[in-house]
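J.: Show me how the following folds:
(one chain, ligands or ions: 3)
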Amino acid sequence: MSSITILGCMWGDEGKAKIVDFIGAEADVVARFQGGANAGHTIVLEDKKYIFHTVPSGILYPETKCVIGAGTVIDPYGLRDEMESLIAQGIDFTNRLFIDDRAGLVLSLHRQLDQKSEENLGAGKIGTTGKGIGPAYSDQAARCALRIGDLRYPEWLEQRLDNFYKYHQITLSASERKEELESLLEVGKFFQPYIAQTDQMLRNWYREGKSILFEGAQGTLLDLIYGTYPFVTSSHTVSGGVCIGTGFPPRWLDNILGVFKAYTTRVGAGPFPTEIEGPLADQIRQKGNEFGSTTGRPRRIGWFDAVAAQYSASLNGIDSLAITLLDVLTGLPELKICTSYLKHNQKLPGFVTHPIELKEIQPEYLTLPGWDIDISKMQKWDTLPKEAKQYLEAIQDLLKLPVKIVSVGQDRRQTIVNK
Ligand code: GDP
Ligand code: IMO
Ligand code: MG
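T.: Numbering: from 1, shown residues only. Ligands and ions are numbered 1, 2, ... in the order given. Take a look at the predicted model:
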């Protein structure tokens, strides 16, 4: 009986899926608890690349059950396409994928509202993925949203859809209304076999001794409340989000693994204290292929920020660390880690989340030597060059947490376990 929660601890794209896939070999169940198709989770397996948006990254293991929890928001057409494309590649979802009937629906109006709101904000935009995530979660809070379970009840669905449009002060023509209802009922049939009350299933599995892996999407600094608001997503990406998003009791979160890139990236707008620009950033971006898995946007690049990382580790109650993309730093003459934030030359006690305060601070750096030899095929901690070990040890010391996993390449096999 055990659970492991795998969380992105910065601004997303930390390589969570790679770690979920690596650890997933031992999991009976992999569950998503928040977010939606704003996520882009990449797994590379024997030169084949999979990018998951809403499907949990455990689906590649044929025996593993996968859950899309109540805290997620689902674009039903997008998810159907994602599943159909995986079915065409031989992946079987029967009796393996369970979607909570309370998961919210992302409708096309949500995507339009997301895009419109970004246009209206102009220079002040968030830089969302445009997937309708913010409006879908807002409608849940406003109680006018539809949920995937509603698709099973035609009359109820009709009422809910009318209320939804009334809330948005939109009048559909009779033919538009009919078309949307028919299309929702039709896509609903596709999901019928997968819909369940997954909170009870998860608790029962845990009691039966199954091992459960919770797969975070986005990252802690994108959390709706604890992130760098308003430049955040609209869900709860922190460890507490697991319980809200799946109905899993907090006392049963046995092990929480924090995933950090060996440097930092951010896609979208918002403060980024350790950001680097110019040729060095371009070099890291090219080498790390730092282009969004969902939108293709170039990711912003920065040094490892141990101040933000400490905040994230303590907020989530992280037990151990996975450091990914270490191979990308190979060849850099020196590496920097931000060890404190200074304001008017005074050290701040820790991370701050307000954009104004983040703009005002000056990062203070520790500079460490780089290494030149290729580490991407290394399988053991001991074989890593001493400078790479020194870099990882500095992170361990600053976060006061052990590095358990080091990822040195995209493939499942390019992973070092620190025993
Ligand atoms: P996620 O959203 O946190 O799952 O991360 P993404 O999949 O969006 O982005 C991480 C990218 O880094 C993907 O292209 C991965 O295949 C890749 N990746 C993961 N781990 C490593 C690694 O150790 N080295 C390199 N070079 N690439 C990695
Ligand atoms: P994964 O799971 C990185 C960012 C967007 C934007 C902000 C709000 O692959 O790590 P949203 O569309 O959610 O309303 O956008 O959040 N964002 C991500 N950045 N990785 C992600 O997911 C992200 N999902 C959303 O770029 O800044
Ligand atoms: Mg991603």
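
J.: give me phi/psi at the residue lying closest to G270 once chain neighbours are set aside?
T.: Excluding the flanking residues, the one nearest G270 by Cβ to Cβ, 6 or more residues apart in numbering is F231, at 2.6 Å. For glycine as for every other residue, the C-beta is placed from the backbone atoms N, C-alpha and C. Main-chain dihedrals, F231, degrees, to the nearest 10: phi -90, psi 70.

J.: Surely F231 and P355 touch.
T.: Yes: in this structure, F231 is within contact of P355 by Cβ atoms under 8 Å, at 6.8 Å.

J.: Would you mind telling me which of the two has the busier surroundings?
T.: Just comparing F231 and P355: by other Cβ atoms under 10 Å the higher neighbour count belongs to F231, 22 against 15.

J.: Please tell me how far that one sits from ligand 3.
T.: F231 sits 17 Å away from ligand 3, going by Cβ to the ion, to the nearest Å.

J.: Which single residue of the stretch 301-419 of the chain ends up nearest ligand 2?
T.: T324 (11.8 Å; Cβ to the nearest ligand atom).

J.: pLDDT score for the residue nearest to G270?
T.: At F231, the model reports a pLDDT of 98.

J.: Relative to F272, how far out is it?
T.: Using Cβ to Cβ, to the nearest Å, F231 is found at 9 Å from F272.

J.: next one: G36
T.: 24 Å.

J.: and the residue nearest to G270, what does it touch?
T.: Shown in contact with F231 (Cβ atoms under 8 Å, 6 or more residues apart in numbering): 126-127, 268-271, 355.

J.: With adjacent residues omitted, what lies nearest to F93?
T.: M83 (6.1 Å).

J.: Look at that neighbour and give its secondary structure.
T.: Here M83 takes the helix state, with states given by DSSP: H, G, I helix; E, B strand; the rest coil.

J.: number of nearby residues for it?
T.: Counted with other Cβ under 10 Å, residues neighbouring M83 total 19.

J.: wait, V106 sits on G36?
T.: Yes: with contact defined as Cβ under 8 Å, V106 counts as touching G36 (5.9 Å).

J.: what is in contact with those two at once?
T.: Common neighbours of V106 and G36 (Cβ under 8 Å, 6+ apart) are 73-75, 131-133, 136.

J.: can you redo the residues you listed as a markdown table with secondary structure, pLDDT and neighbour count?
T.: Shown next, in a markdown table, are those (DSSP: H, G, I helix; E, B strand; the rest coil; pLDDT from 0 to 100; neighbours: other Cβ atoms under 10 Å):
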| residue | secondary structure | pLDDT | neighbour count |
| --- | --- | --- | --- |
| V73 | strand | 98 | 29 |
| I74 | strand | 98 | 22 |
| D75 | coil | 98 | 24 |
| K131 | coil | 98 | 26 |
| G132 | coil | 98 | 27 |
| I133 | helix | 98 | 26 |
| A136 | helix | 98 | 27 |
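
J.: Could you list the contact residues of the stretch 101-250 of the chain toward ligand 2?
T.: 126-129, 131, 133-134, 217-219, 222, 231, 233-234 (Cβ under 6 Å from any ligand atom).

J.: Among these, which ones are in helices?
T.: Within these, membership in helices is found for 133-134, as judged by DSSP state H.

J.: Closest one to S312 out of the residues of the stretch 101-250 of the chain next to ligand 2, please.
T.: G219 (7.9 Å; Cβ to Cβ).

J.: nearest spatial neighbour of that closest one, skipping sequence neighbours?
T.: Nearest to G219 is G8, by Cβ to Cβ, 6+ apart, at 3.6 Å.

J.: Also P250?
T.: Nearest residue to P250, sequence neighbours excluded (Cβ to Cβ, 6+ apart): C243, at 4.9 Å.

J.: State the helix or strand in which the one you found lies.
T.: helix 240-246 (DSSP states H and E).

J.: can you list contacts of that helix?
T.: For helix 240-246, the surrounding residues in contact (Cβ under 8 Å, 6+ apart) are 5, 31-34, 67, 69-72, 100, 198-199, 202, 214, 216, 223, 235-236, 248-250, 253.

J.: quick one, what contacts the closest residue in space to P273 that isn't next to it in sequence?
T.: In space, and not counting its chain neighbours, P273 is closest to P363: 5.1 Å by Cβ to Cβ, 6+ apart. Neighbouring residues of P363 by Cβ under 8 Å, 6+ apart: 273-274, 303, 305, 307, 338, 340-342.

J.: With just CA atoms, put whichever strand or helix holds P363 into CSV.
T.: For P363, the element it lies in under DSSP H and E is strand 362-369. Only the C-alpha atoms of strand 362-369 are listed here, as CSV (Å, rounded to 0.1, in the frame of the first residue of the first chain):
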residue,chain,number,x,y,z
GLN,A,362,18.3,40.9,-7.5
PRO,A,363,19.3,37.2,-7.6
GLU,A,364,22.5,36.3,-5.8
TYR,A,365,24.4,33.5,-7.5
LEU,A,366,26.7,30.7,-6.6
THR,A,367,29.0,29.9,-9.6
LEU,A,368,30.2,26.4,-10.1
PRO,A,369,32.4,24.8,-12.8
